[in-house]
Structure formats: C-alpha cells, structure tokens
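>>> here is my input, please return the structure:
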Amino acid sequence: MNQTPPHRALLLLDFQEDFLSHNGRMPVAQHQVKPVLAMARQSMIDAARDGDFVAAIGNEFKRNAHFTNFLRRGASLEGSPGSRWTSELPLGAVPYFAKWSRSAFVNHEFASWLTENRVGTVALAGLQAKACIAATAKDALARHLRVELISSAIACVSDKSRERALARLSRRGAVII
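Numbers count the residues shown, from 1 in each chain. Just a heads-up that it's a prediction; the model follows:
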C-alpha cells in the first residue's frame, strides 16, 4: 500500500490588534512586532511555494468568562475591535479558526482540519511565546506531531520571555528554526 507522507502546516497564531498594537490590551514587546510580521509574511510565501497548508488561529475569548477576562485585561473578546486579525497579515483564502483558550486544539474543527489534511508537522508563528505558542506546541507534541518553532516569527512580552519559552519547548521536543 502506497501512502503519501504527512503534510506540513504553517499555523499563524493570534496576530490580532490587542496583542500587536502598542495600545492593545496585552501587547507584545513593540520592537518585535515589525520583524515578526515580516517573517510571518515570508513564512506564508514559503509555505505557498512548498505546497504546505496554512491556517490562522485567533483568540476570541467568551464574554462570560469574567475572571479570566479580568486577568487578560479584557483582551481579544469575541467580536471586539481588539480581536480583529491584523491587516498587516492578510489571510485571503487561508482558513481561520477561533479559539477561546490558549491552545489552538481547543477548537475541534481545527483539530479535524489537521487530520483531514494529513498534517504531520506544524510550524508555529505568532504571539505570545510563553502562552498560546507554548500551549499549542505542547498539545501538538502530545498528539505526536512534529513541531517547528519559527523563532523570528514568534513574539512575546520581552526578548528574555520569548527566549525562555522557546528553550523550554525545545527541551520538550520542538525544533527551533
């Protein structure tokens, strides 16, 4: 029986106004924004060239989660201006999946999309290294997927926080590229 090898998917996580904008509710380090967006755009071009899948996953936190919304300073509530995907990274026909927790795998439609497309490797780009990137990477590893971290396309609240998060994920088996 001839089986095709598993595919690769670029996952774009949380490129949303509340995390990118200097006046957003939970912004990343502002000096990281332009280079991270530039590398994410290049990663999309590379994925298209290589025949890889691409998916966008964004936070759309439920409004009735009062305590966790308080802790997140009301960032990226479903339907809020801060939850809008940045115009700096147009998606075109790229599928978008909402999530309401740190990990993209909370959305069963996303997990089904990976299975339907026989994805064996996920390459992560996005925000925040110590939170949503880490949670999604850990869940992908737990599902026996190969995880690649596009380090120059990942941002966090500080350089030190980003480096610590990537190092922890590397020790768990993720590959930093």
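
>>> kindly export the lowest-mean-pLDDT helix or strand in the chain (C-alpha atoms) in CSV.
When the helices and strands of the chain are scored by mean pLDDT, DSSP states H and E, helix 66-71 comes last with a mean of 71. Provided in CSV are the C-alpha atoms of helix 66-71 (Å, rounded to 0.1, in the frame of the first residue of the first chain):
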residue,chain,number,x,y,z
HIS,A,66,-15.4,37.1,33.7
PHE,A,67,-12.5,36.0,35.9
THR,A,68,-10.1,35.0,33.1
ASN,A,69,-11.1,38.1,31.0
PHE,A,70,-10.2,40.2,34.1
LEU,A,71,-6.8,38.5,34.2
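
>>> residues contacting the closest residue to Gln128 other than its chain neighbours?
Closest residue to Gln128 apart from its sequence neighbours, by CB to CB, 6 or more residues apart in numbering: Cys156 at 5.0 Å. Using the backbone N, CA and C atoms, a C-beta is placed for each residue, glycine as well. Residues near Cys156 by CB atoms under 8 Å, 6 or more residues apart in numbering: Val28, Ala29, Gln32, Leu127, Gln128, Ala129, Lys130, Arg162, Ala165.

>>> then Leu141?
Taking CB under 8 Å, 6+ apart as the test, what Leu141 contacts is Val147, Arg172, Gly173, Ala174.

>>> now these: which count as buried?
With neighbours counted by 16 or more other CB atoms under 10 Å, these contain buried members at Val147, Ala174.

>>> which of the contacts of Leu141 fall in helices?
Applying DSSP state H to those, the entries found in helices are Arg172.

>>> reformat the contacts of Leu141 as TSV; add pLDDT.
Output for those, formatted as TSV (pLDDT from 0 to 100):
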residue	pLDDT
Val147	98
Arg172	97
Gly173	97
Ala174	98
